[in-house]
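S.K.: Pasted the sequence and its predicted model underneath.
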Amino acid sequence: VVAVKKCHVTDTVKHQRLLHETCALVLLQEHPLAYGYGRSQFYEYSAMELLDVDLEDIKGTITLRNLVALSLQLLDALDFVHSHGIVHCDIKPGNLMLGTAERSPGRVRLIDFGVCRPFRNLVTDEHLPDCGIKHTLGMTAYVSLNNHLHHTPSRRDDLESLAYSLLELVAGRLPWDSRSDESWSSSRRVFSLNQQWTGAQLASDSLSILGEFVDYIRSLGHAQMPEYSLWKKRFRALVSDDPPSLPDGDGRNRPQQGPSSGSRAGRPPKSVPWPEPSGDWGGWAPCFTWETAVPLENDELLGDESTIVREHLDTIDEVPTGQEHHPQRGCAPEIMRSIAVAKQASMIYCRS
């Protein structure tokens, strides 16, 4: 049994988003495992390892040993991803999943590499400069302060998102994540609240290491290499001979002290509007409405992605079952096509 992810795409798209994600899985080998890829005139399909539950479902309920185990695995995972010159750009509890009982139970996988990008030059292997980006990448509540300010993503940004994810798993909620407020997802609003909290204020005394981790990451330079091993050692020490206690998930781990005055200069710039969808719709008539996906630009490419995927994975040459009701009646028949179809730049709608 495998999981199949799909993404709607125009007939002439230049750089397909799901092809990009599948290429990342090939290069990374097992986050999760990728088995096959194919596309029709309407959709891309990627067959990958079936996983069990994401960490979004266990927020506020984890034990100290759970926290340490997750921290060690995720630091290892990001160290591995970064060693391949890739930054994930969307670390959050919902993108951290556990393996099934049949295969690697308890092992955490990073998923959804759709907005990942290289942070090293593909030819020289030199760290890319901070040239800035047009948009904030990832879910607003978890992105780094530098991401809010549209700095080019690097390793520090993945780790800052990891720190916020760990804090939320312990506390159940981040102090700047007010989802009851219609404007909760505003980058400027979240940034203005986030920057007021130091790491020490975010973490309780029993888990001061999380606060120290936040402050450490925020101090890193754009191209500075994080000390993965040091922080794994420090998290591991939490379950040594005399570890601190972790209260039950009843809200006692939530930040108790109010925010301090902001210390981060600047404010998030306005994002540039995404390009309008273009290309041949091929007679596609959907029976649903999906949000516009993030366009894939040249500086996000991980190499010759079509060739990498074609040479390493099986080709999905038949339309997966269960797709018959996605287009409306009267829509042209869906036909699988070669990966190497001639394309033009555009991006349409995406959903996993």
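M.R.: Received the coordinates, thanks.

S.K.: Now do stretch 312-325: everything it contacts.
M.R.: If you take Cβ atoms under 8 Å, 6 or more residues apart in numbering as the criterion, stretch 312-325 is touched by 4, 6, 22, 26, 34-38, 40, 43, 45, 47, 287, 334-336, 339. Quick note: C-beta positions are derived from backbone N, CA and C, even for glycine.

S.K.: Mind checking which of those are buried?
M.R.: 4, 6, 22, 26, 34-38, 40, 43, 45, 47, 334, 336, 339 (16 or more other Cβ atoms under 10 Å).

S.K.: Residue 72 belongs to a helix?
M.R.: Yes - according to DSSP: H, G, I helix; E, B strand; the rest coil, the state of residue 72 is that of a helix.

S.K.: burial count for it?
M.R.: Neighbour count of residue 72, defined by other Cβ atoms under 10 Å: 16.

S.K.: And the buried ones among the contacts of stretch 312-325, which is closest to residue 226?
M.R.: residue 26 (25.0 Å; Cβ to Cβ).

S.K.: Setting the sequence-adjacent residues aside, check what's closest to residue 127.
M.R.: Excluding its sequence neighbours, the residue lying closest to residue 127 (Cβ to Cβ, 6 or more residues apart in numbering) is residue 223, at 4.2 Å.

S.K.: Not counting its neighbours along the chain, what's nearest residue 26?
M.R.: Counting by Cβ to Cβ, 6+ apart, the residue nearest residue 26 is residue 312, at 4.8 Å.

S.K.: Go through the contacts of stretch 312-325 and flag which are in strands.
M.R.: 4, 6, 34, 35, 36, 37, 38, 40, 43, 45, 47, 336 (DSSP state E).

S.K.: As CSV, those residues with distance to residue 17 and pLDDT would be great.
M.R.: Shown next, in CSV, are the ones in strands among the contacts of stretch 312-325 (distance: Cβ to Cβ, whole Å; pLDDT from 0 to 100):
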residue, distance to residue 17, pLDDT
4, 16, 94
6, 11, 91
34, 15, 95
35, 19, 96
36, 17, 97
37, 12, 97
38, 15, 95
40, 15, 89
43, 11, 88
45, 13, 94
47, 16, 96
336, 18, 90
